[in-house]
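Asker: need a structure here:
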Amino acid sequence: MKTLKITISLLGFFIFLIPLKTTAQDQMYWIHVDHVKPSMEKEYEKVAKEFADACKTYNVPEFTFNVWRHDNGSYYYSSPMKNFAEMDKDGMKPLRDKMGADKFKSMFERFDKCYDAHQSFMVTYRSDLSYLPEGKSAEGDFNKYYYLYVSPANSTAVADKMKEVKDLWAKKGSKLPYLVLHTGFGAEEEFYLVIIRNKDSQSQAAVSSENNKLLGDEWQKKWDELYPLLSHYKTETSMYKVDLSYNPKK
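Answerer: Take a look at the predicted model:
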């Protein structure tokens, strides 16, 4: 996992994609992904727990991350960013200084043995595309992801169709909230990510089925208009790993 340090030099290796039509309050996130080898997953979680515990022990300031394990075995770390200036900061320096450079280095060397590939990129929360009735998002540790990959030529058209979908949800009084993220710097491909959260997969399936009945044929029509605009499309699921996540004490 290296050190999760955000640097301009790292971003230089990736395709630069700038989020479009975001609003002032929309939150940016730095995402780091470790594609863990199946044979090393137990060791990875052991080291990741040590890392989170070390952050808690030393109460590392101005550094927070939430961790999800995806169904393909990848681990996603999400850290909020206040602005682009944070790209120059080394948020790990306080931890490195407190636990000692040698111990810190050893921990991350153990991390790096658990995977052959990892990546980092930015996403921005899109309030204009997300549907949160009464301003509230569903709670739960289970996430269902819908990746809508787009070409630069179709990005705006897809966003416009997604706004129509949001309007349909609102018109029908849907009780199924969803979040939308849009890729930024560092993403190999541009995509919109729709996230639906629930307590488990069974609850998710039941709520989605009821929502489809509520929306009826109008939802199928909107999807039929949106789908041809996509470069490709995939779904994934994940579970939140509270034991591997870290939020500093206030």
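
Asker: so who does residue 180 touch?
Answerer: Contacts for residue 180 (CB atoms under 8 Å, 6 or more residues apart in numbering) come out as 125, 126, 129, 130, 162, 192, 193, 194, 195. Quick note: C-beta positions are derived from backbone N, CA and C, even for glycine.

Asker: how many neighbours does the third one have?
Answerer: Think residue 129. Residue 129 has 23 neighbours, counted by other CB atoms under 10 Å.

Asker: what about it, which SS state?
Answerer: Three-state assignment for residue 129 (DSSP: H, G, I helix; E, B strand; the rest coil): coil.

Asker: residue 149: what's it in contact with?
Answerer: 189, 190, 191, 230, 231, 232, 233, 234.

Asker: and if you look at residue 94?
Answerer: Residue 94 sits next to 58, 60, 61, 63 when contact means CB under 8 Å, 6+ apart.

Asker: pLDDT score for the closest residue to residue 246 other than its chain neighbours?
Answerer: Distance criterion CB to CB, 6 or more residues apart in numbering; nearest residue to residue 246, sequence neighbours excluded, is residue 55 at 4.3 Å. Looking at residue 55, its pLDDT is 93.

Asker: against residue 94, how distant is residue 55?
Answerer: Relative to residue 94, residue 55 is positioned 9 Å away (criterion: CB to CB, to the nearest Å).

Asker: anything in contact with each of the two?
Answerer: By CB under 8 Å, 6+ apart, the residues touching both residue 55 and residue 94 are residue 63.

Asker: returning to that earlier point: how about the residue nearest to residue 246, secondary structure?
Answerer: helix.

Asker: and it, how many neighbours?
Answerer: Residue 55 has 22 nearby residues by other CB under 10 Å.

Asker: ok, now residue 113?
Answerer: 12.

Asker: I'd say it and residue 34 touch.
Answerer: No - using CB atoms under 8 Å, residue 113 is not in contact with residue 34; the gap is 11.4 Å.

Asker: so for these two, which residues contact both of them?
Answerer: When CB under 8 Å, 6+ apart defines a contact, no residue borders residue 113 and residue 34 alike.

Asker: any idea how far residue 68 lies from residue 33?
Answerer: 10 Å.

Asker: just to revisit the earlier point, which of the contacts of residue 149 sit farthest apart?
Answerer: Using CB to CB, the pair of these lying farthest apart is 190 and 234, separated by 14.1 Å.

Asker: between the two, tell me which one has more neighbours.
Answerer: It is residue 190, of residue 190 and residue 234, that has more neighbours when counted by other CB under 10 Å, with 22 against 10.

Asker: any idea how far the more buried one is from residue 56?
Answerer: 36 Å.

Asker: for residue 35, name its beta-bridge partners.
Answerer: residue 74, residue 117 (DSSP bridges).

Asker: let me see the contact set for it.
Answerer: So residue 35 contacts 73, 74, 115, 116, 117, 118, 119 (CB under 8 Å, 6+ apart).

Asker: which of the contacts of residue 149 has the most neighbours?
Answerer: residue 191 (24 neighbours).

Asker: which residues does it bridge with?
Answerer: Bridge pairing for residue 191 - DSSP bridges - gives residue 149.
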